[in-house]
Each structure stands twice: as structure tokens, then as C-alpha cells.
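In: Give the three-dimensional model of this entry:
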Amino acid sequence: MASGMKLIILDRDGVINYGSTQFIKHPNEWKPLPGSLEAIARLVQADYRVVVATNQSGIGRGLFDMLTLNAIHDKMHKTVAQAAGRIDAIFYCPHAAEANCSCRKPKTGMLETIALRYNVNLKGVPMVGDALRDLESAAKMGAQPILVLTGKGTKTQAKGGLPEGTLVYRDLAAVVSTLI
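Out: Residues are numbered from 1 along each chain as shown. Reported below is the predicted structural model:
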């Protein structure tokens, strides 16, 4: 990774777009949270590489297929681009929880792949999520866990047990305002 290149890792559902207890199963169900697209654009303007790391167990459960996930991500890329932002890469775990894979957060497989792809140590790299498993995988890799109170974030905060050093912000826009 070129020196001076900055990386940020974002969870998808509940951070960039509205989450759903029923999974986002169709591009029409993917709706950006207020301010999230502009926040990504600000990161890109500040020379951040914006990477998404998302558990998508709906695939493993047969609720939607890869074509659908690609269509959802295509919509996300286009919508972000319309706001002058860019998502550099999307990493996802397609497995159901019971598959016991190494990539599903709170495990670190996805983050290890990101570290390899960008040839970077994730120490201190901001990782933004709305669920405990996002923060736990960040903490295990030495990344900076950041909880947003969008999506499941308020419930996550109320439950407690956040990794030591977790930062808490109202939403992605507030995170970005602090970073840049």
C-alpha cells in the first residue's frame, strides 16, 4: 500500500444503507441512510480508500443468490458514484452462521483478506459497524472499532460489552467529520 494511503472499512447494512431484520434481498430494498453517500464522497475527497466488509448469510440460507447480491452492490456503487463517492472494494461472507466459516464477522477472515489485498497492517484503521460482531472483528485485528447508532447501533450500545476503545458516533457522517 502506497505510503500515505488511508483505508477505512465500513459494514454495509445499518451503516451505509437501512438494515432489515428480513435481509436486503432485492436492489429495491437497498436504500441509503441520510448523509451516508455524502460521507463516503468526503472520505474519497480526503484520499481514503473506502472498503465494505459485510456478512451476507442470506445467500447461505438461500434467501437470494449471487446475481441478486451483485445487483444490490451494483446499485450501491452507482448511487455512491452519483454522490461523487467511490467504494474501492466490497468483501462479503456468503455463509450461514452454522457453516462455521472463517470469514463471517466476528471472525477475522474478511479483514485478513483486506489486509492482504491492500498490503497493510490494520492497526488503527477505522472500522465502522452497527453490530457487536463488527467491533469484535475490528478489535481482534487491532483496527479501531467505531460504533454508529444507525441500524442496530442503539441496541448494540444498550447491550454493552463493547470492545475496549470503541468510539461511538451518531452516524457515518459524524464519523467522517471527526476523521477529516
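In: CA atoms for contacts and neighbours, from now on please.
Out: Will do.
In: For the spatially closest residue to residue 23 that is not a sequence neighbour, grab the count of nearby residues.
Out: In space, and not counting its chain neighbours, residue 23 is closest to residue 58: 6.7 Å by C-alpha to C-alpha, 6 or more residues apart in numbering. Around residue 58 there are 19 other residues, counting by other C-alpha atoms under 10 Å.
In: same deal with residue 74?
Out: So residue 74, with other C-alpha under 10 Å, has 13 neighbours.
In: same thing with residue 70?
Out: Neighbour tally, residue 70, other C-alpha under 10 Å: 12.
In: And it, which helix or strand is it part of?
Out: Element membership of residue 70, judged by DSSP states H and E, is helix 66-82.
In: Could you point out the helix or strand that follows that helix?
Out: strand 89-93.
In: Please, where are all the strands along this protein?
Out: Secondary structure of the chain by DSSP state E: the strands cover 6-10, 48-55, 89-93, 126-129, 144-148, 167-169.
In: shaky segments in this protein?
Out: 1-4 (pLDDT under 70).
In: thinking again about what came up before, mind checking the strands of the chain for the one nearest to residue 80?
Out: Closest approach to residue 80 among the strands of the chain (C-alpha to C-alpha): strand 48-55, 11.0 Å.
In: quick one: strands adjacent to that closest one?
Out: Strand 48-55 pairs in its sheet with strand 6-10 (parallel), strand 89-93 (parallel), by DSSP bridges.
In: which of those strands is buried the deepest?
Out: strand 6-10 (a mean of 22; mean count of other C-alpha atoms under 10 Å).
In: neighbouring contacts of it?
Out: 16, 47-53, 125-129 (C-alpha atoms under 8 Å, 6 or more residues apart in numbering).
In: Excluding chain neighbours, what is closest to residue 102?
Out: Residue 102 sits nearest to residue 109 (C-alpha to C-alpha, 6+ apart), 5.2 Å away.
In: quick one: that neighbour and residue 92, what's the gap?
Out: Distance, residue 109 to residue 92, using C-alpha to C-alpha, to the nearest Å: 10 Å.
In: How about residue 104?
Out: 8 Å.
In: now do residue 47
Out: Residue 47 is 23 Å from residue 92, by C-alpha to C-alpha.
In: Switch the strands of the chain over to TSV; also include distance to residue 64.
Out: Listed next are those as TSV, based on distance: least, C-alpha to C-alpha, whole Å:
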stretch	distance to residue 64
strand 6-10	22
strand 48-55	13
strand 89-93	14
strand 126-129	23
strand 144-148	27
strand 167-169	32
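In: nearest to residue 20, of those strands?
Out: The nearest among the strands of the chain, by C-alpha to C-alpha, is strand 48-55 at 13.1 Å.
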